[in-house]
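>>> The sequence and its predicted three-dimensional model are supplied below.
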Amino acid sequence: MQKKDDRVLVYGGIRLSLPLLLAPMAGLTHSALRRLVQEQGGVGLLSTEMLAAKRLPHENPTLSPYLVRHHSEQPLSYQLLLFRLEEAAAAVATAEELGAAAIDLNLGCPAPDIRRQGGGSRLMEEPELVGRLVREVRRRTALPLSAKIRLGEELNAPRLRDLCCLLEDSGLDLLTVHARLRGEPYGRKPRWEWVGKVKQWLSIPVVANGGIFSSADAAACLAISGADGLMIGRGAAVRPWLFRQLAEGLANNFSQVSAGPDRAEKAAIFLRFCALLEESFTPERRLGRLKEFTHYYARNYQFGHYLAAAVQSSPDLFTARQRAEQFLATA
């Protein structure tokens, strides 16, 4: 009998050498962070930020900060915010033209403005529409198709099971479950055991998301959920080297964990991110993205709030980098 390789994830015809996925995150999962994470190693699948299906066909891929990408960013999944059937065809066609390796549907975003439009987690309350949307996208593409959900408005196993089974029956190849209810904040401990329930209901791969910031978190999540893979969100911005550590952990059943970067290496990673911003974006697009990243990366330092404040108060990227260098020299 062939031994199962827990370091491989196959879905919809795509083979990921590592079952470690970068989460789509507004303001974070852009080209600079994707390249930074990829350079650190260990990531199996990259992702775009959430892309509005209505606007996607009209965006300029060489100028849009949501679409700019480097040729090394492979494989790259495109996440669509789609809630109108008539917008599916053009959005899917555009994603294919741009070189998407896979397509992901956003069914879990809890942001109020997205929900007011009828998208994100609001779609989980309309299963008939969700089924039609998935079937329409499935009809339009042969690319691997996934979706990302939360657990719902409340813990309701029959309702969640019906939705998950509907998604699989409608043509989904993989499902990612953020293990929190729609209204629960990120500070709330994730309910990984509910990912395990979803795993039992479905035959397609199930990926766990939420609350994974270390190898210990990853090991606990996999043990509790039995998930086929892990999707890392904010943890990738805090520790861009986390994927490498998780890949090493998967290789040895998390029996040992390599040390993270030292002080000089952490500083170099931050400055590399600044350089990638300059390579990827026009000047007016850089500072806001550095501020968003620094909000998370500063957690690596005992007095990281000084780093975050210095960057937040900077008028431009040059000043922000200078102030950051001053902090990093003594951190």
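Happy to help now that I have it. Numbering: from 1, shown residues only.
>>> Let me see the ranges of the strands in the stretch 151-300 of the chain.
174-178, 206-209, 229-232 (DSSP state E, counting those that start in this stretch).
>>> Same list as before, those that is, but in JSON lines and with distance to residue 80, mean pLDDT and mean neighbour count included.
Where C-beta positions appear, they are placed from N, C-alpha and C, glycine not excepted. Converted to JSON lines, these look like this (distance: least, Cβ to Cβ, whole Å; pLDDT from 0 to 100; neighbours: other Cβ atoms under 10 Å):
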{"stretch": "strand 174-178", "distance to residue 80": "14", "mean pLDDT": "98", "mean neighbour count": "27"}
{"stretch": "strand 206-209", "distance to residue 80": "17", "mean pLDDT": "98", "mean neighbour count": "26"}
{"stretch": "strand 229-232", "distance to residue 80": "16", "mean pLDDT": "98", "mean neighbour count": "26"}
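>>> export these to CSV and tack on distance to residue 243?
Formatted as CSV, the strands of the stretch 151-300 of the chain follow (distance: least, Cβ to Cβ, whole Å):
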stretch, distance to residue 243
strand 174-178, 16
strand 206-209, 14
strand 229-232, 7
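>>> Ok, which of those comes nearest residue 276?
Closest to residue 276 of the strands of the stretch 151-300 of the chain is strand 229-232 (Cβ to Cβ; 18.5 Å).
>>> Nearest to residue 33 among the strands of the stretch 151-300 of the chain would be which one?
In terms of Cβ to Cβ, the element of these nearest to residue 33 is strand 229-232, at 11.5 Å.
>>> for this structure, where's the lowest mean pLDDT among helices and strands?
helix 112-117 (a mean of 90; mean pLDDT, DSSP states H and E).
>>> Pull out the buried positions in that one.
Neighbour-count burial for helix 112-117 flags 114-115 (criterion: 16 or more other Cβ atoms under 10 Å).
>>> Name the next helix or strand following that helix along the chain.
Downstream of helix 112-117, the next assigned helix or strand under DSSP states H and E is helix 127-140.
>>> Now do that following helix: everything it contacts.
Residues outside helix 127-140 that contact it (Cβ atoms under 8 Å, 6 or more residues apart in numbering) are 80, 82-83, 85, 88-89, 92-93, 103, 105, 107, 123-124, 145, 147, 162-163, 166-167, 169-172.
>>> Whichever helix or strand comes after that helix: how far from the chain's middle?
Later in the chain than helix 127-140, the nearest helix or strand by DSSP H and E is strand 145-149. Taking Cα atoms, centre = their mean, to the nearest Å, the mean C-alpha location of strand 145-149 is offset from the chain mean by 11 Å.
>>> Report the angle between strand 145-149 and helix 127-140.
Put simply, strand 145-149 runs at 150 degrees to helix 127-140, going by axes from the mean of the first three to the mean of the last three Cα atoms, to 10 degrees.
>>> Give the partner strands of strand 145-149 in its sheet and their orientations.
Sheet pairing of strand 145-149 (DSSP bridges) gives strand 102-106 (parallel), strand 174-178 (parallel).
>>> Could you list the low-pLDDT ranges of the stretch 51-200 of the chain?
Residues of the stretch 51-200 of the chain meeting the criterion pLDDT under 70: none.
>>> Spatially, what comes nearest to residue 208 if we skip its sequence neighbours?
Excluding the flanking residues, the one nearest residue 208 by Cβ to Cβ, 6 or more residues apart in numbering is residue 227, at 3.8 Å.
>>> For the stretch 201-331 of the chain, which segments count as helices?
215-225, 234-238, 242-251, 263-280, 286-297, 304-312, 317-330 (DSSP state H, counting those that start in this stretch).
>>> thinking residue 300 is in contact with residue 239, fair?
Yes. With contact defined as Cβ atoms under 8 Å, residue 300 counts as touching residue 239 (7.1 Å).
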